[in-house]
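Undergrad: The amino acid sequence is not available; the structure is as follows:
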């Protein structure tokens, strides 16, 4: 029995499937995800080598094509054209839910603008999996992805992270974990946090404690695997006082410099202040334009 009724999909129009795949343990893949991969005419993948291993494990034989952050307009147009012809394309990232700190948003937007139906197939995500095991309040949380790499931007970014009235979630690579924890500890040494690695895999590990202790632990133990860092809220809840435009612009600039999109940065600011979403978006556009001119 088809669990997502793909067989009833009209071939007069294409269908873009956004398929979540396991972040480690292959048993976490859903029946819907397997059906989507089996039914697709093409699997577009952030890394075709990774999806090839998954397909081999489950006996799936389908053509694949890479689509990642460095893919050009020609490749995007080629995939969109296949969708226009009525084909079904499944998009997968390296692991987890696509477009969450992964490329793919450009493909989703282009497909939607072309009138193509976009169908998400939910599943594993390192973000929510780590939050569920953190013991830190997640009623409201702020996901900021990977910290910036440039030294001049990192101090402001970590100051912003530790001043939030919400739980903050970051991703980090193993070779950058030590400096990231050290810099976070310099700002908020006693702030409770969690560092999770190898989530759902054989060597899954969650280290909990003040940021200072986490920094010390990984100074003495080599970081291995991709990490999720969760930092407990530190600032006071925002009040209804009139927003400070200079402070909002400064926050927007920091968020944009960290790699966040204009739309997402505006949404974050709108949630943290009393400014409207439209006003925040216009301000974010203005900040982005001025930064580009510098």
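TA: Yes, it's here. Because the structure is a prediction, the values reported are computed rather than measured.
Undergrad: show me what contacts residue 249?
TA: For residue 249, the contacting residues are 283, 287, by Cβ atoms under 8 Å, 6 or more residues apart in numbering. (Glycine included, C-beta is placed from N, CA and C.)
Undergrad: quick one: it and residue 62, what's the gap?
TA: Distance from residue 249 to residue 62, counting by Cβ to Cβ, to the nearest Å: 47 Å.
Undergrad: And the helices in this protein?
TA: 31-39, 48-57, 73-84, 105-113, 126-132, 151-162, 174-188, 211-220, 245-257, 262-272, 277-293 (DSSP state H).
Undergrad: Now render those as JSON lines, adding mean pLDDT and distance to residue 194.
TA: What follows is those, written out as JSON lines (pLDDT from 0 to 100; distance: least, Cβ to Cβ, whole Å):
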{"stretch": "helix 31-39", "mean pLDDT": "96", "distance to residue 194": "27"}
{"stretch": "helix 48-57", "mean pLDDT": "95", "distance to residue 194": "26"}
{"stretch": "helix 73-84", "mean pLDDT": "93", "distance to residue 194": "37"}
{"stretch": "helix 105-113", "mean pLDDT": "92", "distance to residue 194": "27"}
{"stretch": "helix 126-132", "mean pLDDT": "96", "distance to residue 194": "7"}
{"stretch": "helix 151-162", "mean pLDDT": "89", "distance to residue 194": "14"}
{"stretch": "helix 174-188", "mean pLDDT": "96", "distance to residue 194": "11"}
{"stretch": "helix 211-220", "mean pLDDT": "97", "distance to residue 194": "8"}
{"stretch": "helix 245-257", "mean pLDDT": "86", "distance to residue 194": "23"}
{"stretch": "helix 262-272", "mean pLDDT": "85", "distance to residue 194": "21"}
{"stretch": "helix 277-293", "mean pLDDT": "86", "distance to residue 194": "30"}
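Undergrad: can the ones you listed go into a markdown table with extra columns for distance to residue 232?
TA: Output for the helices of the chain, formatted as a markdown table (distance: least, Cβ to Cβ, whole Å):
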| stretch | distance to residue 232 |
| --- | --- |
| helix 31-39 | 33 |
| helix 48-57 | 33 |
| helix 73-84 | 40 |
| helix 105-113 | 29 |
| helix 126-132 | 12 |
| helix 151-162 | 10 |
| helix 174-188 | 9 |
| helix 211-220 | 9 |
| helix 245-257 | 20 |
| helix 262-272 | 17 |
| helix 277-293 | 26 |
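Undergrad: And those helices: which comes nearest residue 227?
TA: helix 174-188 (5.4 Å; Cβ to Cβ).
Undergrad: which helices and strands does that closest one pack with?
TA: Packing partners of helix 174-188 (3 or more Cβ pairs under 8 Å, 6 or more residues apart in numbering; DSSP states H and E): helix 151-162, strand 192-197, helix 211-220, strand 227-231.
Undergrad: at 7 Å instead, please
TA: When contacts are defined as 3 or more Cβ pairs under 7 Å, 6 or more residues apart in numbering; DSSP states H and E, helix 174-188 sits against helix 151-162, helix 211-220.
Undergrad: Take these and write them to CSV, including mean neighbour count.
TA: Listed next are the helices and strands packed on helix 174-188 as CSV, based on neighbours: other Cβ atoms under 10 Å:
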stretch, mean neighbour count
helix 151-162, 17
helix 211-220, 18
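Undergrad: Minimum distance to residue 129: which of these has it?
TA: Minimum separation from residue 129 across the helices and strands packed on helix 174-188 (Cβ to Cβ) falls at helix 211-220, 18.7 Å.
Undergrad: For that closest one, give me every contacting residue.
TA: 177-178, 181-182, 184-185, 188-191, 193, 195, 207 (Cβ atoms under 7 Å, 6 or more residues apart in numbering).
Undergrad: quick check: domain ranges of the protein?
TA: The record assigns the chain these domain ranges, following automatic domain parsing: 6-124, 127-231, 245-293.
Undergrad: how close does residue 125 get to residue 143?
TA: Where residue 143 is concerned, residue 125 sits at a distance of 10 Å (Cβ to Cβ).
Undergrad: Please identify which of the helices and strands packed on helix 174-188 is closest to residue 80.
TA: helix 151-162 (34.0 Å).
Undergrad: between the closest one and strand 192-197, how big is the angle?
TA: Put simply, helix 151-162 runs at 120 degrees to strand 192-197, going by axes from the mean of the first three to the mean of the last three Cα atoms, to 10 degrees.
Undergrad: So which elements touch helix 151-162?
TA: Helices and strands touching helix 151-162, by 3+ Cβ pairs under 7 Å, 6+ apart, are helix 174-188, helix 245-257.
Undergrad: Now the residue lying closest to residue 20 once chain neighbours are set aside: phi and psi?
TA: Nearest-residue entry for residue 20: residue 123, 3.0 Å, with adjacent residues in sequence omitted and distances by Cβ to Cβ, 6 or more residues apart in numbering. When read as degrees, to the nearest 10, the backbone of residue 123 gives phi 180, psi -150.
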